[in-house]
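Q: A structural model of the following input is requested.
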Amino acid sequence: MDEDVHKRPPAHEVGMVLDALSVEELEERIVLLEAEITRLRAAIAAKGSSRSAAEAAFKF
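A: Numbers count the residues shown, from 1 in each chain. Here you go, the predicted structure:
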């Protein structure tokens with residue numbers, strides 16, 4: 001039953017209350033969020049490359 005009381009949420013939610021998290025848990029969240037930022041930047045770069053290629057193909 002103690003396990004149920006101390007379960008962490010599976011993912012970070014923007015704006016969530018951070019008071020109940022330990023320093024280690026907060027650091028884990030930072031790592032998680034930094035990895036997500038890297039993933040999002042890669043997606044933006046990929047979309048930019050695709051758009052540039054499409055624009056070049058349809059330029060007359």
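Q: pLDDT below threshold where in this protein?
A: Low-confidence segments of the chain (pLDDT under 70): 1-10, 60.
Q: how close does the residue nearest the centre of it get to residue 58?
A: Closest to where the C-alpha atoms of the chain average out (C-alpha atoms, centre = their mean) is residue 36, at 2.6 Å. According to C-beta to C-beta, to the nearest Å, residue 36 and residue 58 sit 33 Å apart. C-betas here are computed from N, CA, C, even on glycine.
Q: one more: residue 12?
A: According to C-beta to C-beta, residue 12 stands 40 Å off from residue 58.
Q: kindly list the longest helix within the chain.
A: Ranked by number of residues, the top helix in the chain under DSSP state H is helix 23-58.
Q: buried residues, it. List them.
A: By 16 or more other C-beta atoms under 10 Å, the buried positions in helix 23-58 come out as residue 29.
Q: starting at the chain centroid, how far to that helix?
A: 9 Å (C-alpha atoms, centre = their mean, to the nearest Å).
Q: packing partners for it?
A: Packing partners of helix 23-58 (3 or more C-beta pairs under 8 Å, 6 or more residues apart in numbering; DSSP states H and E): none among the helices and strands.
Q: how near is residue 24 to residue 50?
A: Here residue 24 is placed at a distance of 40 Å from residue 50 (C-beta to C-beta).
Q: residue 32 now?
A: Plainly put, residue 32 is 27 Å away from residue 50 if you go by C-beta to C-beta.
Q: same thing with residue 57?
A: Separation of residue 57 from residue 50 (C-beta to C-beta): 11 Å.
Q: residue 27 too?
A: Going from residue 27 to residue 50 by C-beta to C-beta gives 35 Å.
Q: same check, this time on residue 44
A: For residue 44, the distance to residue 50 (C-beta to C-beta) stands at 11 Å.
Q: check residue 20 too.
A: Residue 20 is 42 Å from residue 50, where distance means C-beta to C-beta.
Q: name the nearest residue to residue 18, ignoring sequence neighbours.
A: Computed as C-beta to C-beta, 6 or more residues apart in numbering, the closest residue to residue 18 that is not its neighbour in sequence is residue 26, at 6.6 Å.
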